[in-house]
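> predicted model and sequence below, questions to follow.
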Amino acid sequence: QVQLVESGGGLAAAGGSLRLSCVASERTNPYALGWFRQAPGKEREFVAAIDWSGKRTYYGTSVKGRFTISRDDAKNTQILQMDRLKPEDTAVYYCTATRTAVAMNAADVERWGRGTQVTISS
């Protein structure tokens with residue numbers, strides 16, 4: 001089964017940007033890809049997803065207009081570009097891969113990365 005490894009997390013100031021990457025251990029072409037996040041004491045939250053073709057993208061309401069998801073199947077990679085960051089974006093971010101559908105509910109995700117911490121200072 002595909003393994004996912006995130007990178008690019010860290011500390012940023014409010015209003016700044018971070019770029020998360022997720023590399024898969026096998027071809028990403030059959031998968032819809034995405035990102036979720038989980039803040040302390042909160043449930044895992046949908047952030048963004050992209051379909052197999054890369055033509056359709058989906059965003060959670062709290063990040064729409066600020067975050068951009070993309071994929072590069074030649075590199076088995078997906079990217080989450082995060083701009084105009086806010087302190088409430090602080091969370092562990094998980095990349096995902098799902099064959100059966102674009103997953104916007106955590107229960108529908110087939111494969112999870114281990115997560116990368118993002119901390120936004122005010």
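Yep, it's here. Numbering: from 1, shown residues only.
> assign a three-state SS to Ala107, would you?
helix (DSSP: H, G, I helix; E, B strand; the rest coil).
> so which bits of stretch 98-107 are buried?
98, 102-104 (16 or more other C-beta atoms under 10 Å). (Each C-beta comes from the backbone N, C-alpha and C, glycine too.)
> what comes into contact with it?
Contact partners of stretch 98-107, identified using C-beta atoms under 8 Å, 6 or more residues apart in numbering, comprise 30-34, 36, 43-44, 46, 49-51, 56, 58, 96, 108-111.
> go again using 6 Å as the cut-off
30-32, 44, 46, 49, 51, 109-110 (C-beta atoms under 6 Å, 6 or more residues apart in numbering).
> for it, measure first residue to last.
Terminal residues of stretch 98-107 lie 11 Å apart, using C-alpha to C-alpha, to the nearest Å.
> one more: stretch 58-78?
The first residue of stretch 58-78 is 14 Å away from its last residue (C-alpha to C-alpha).
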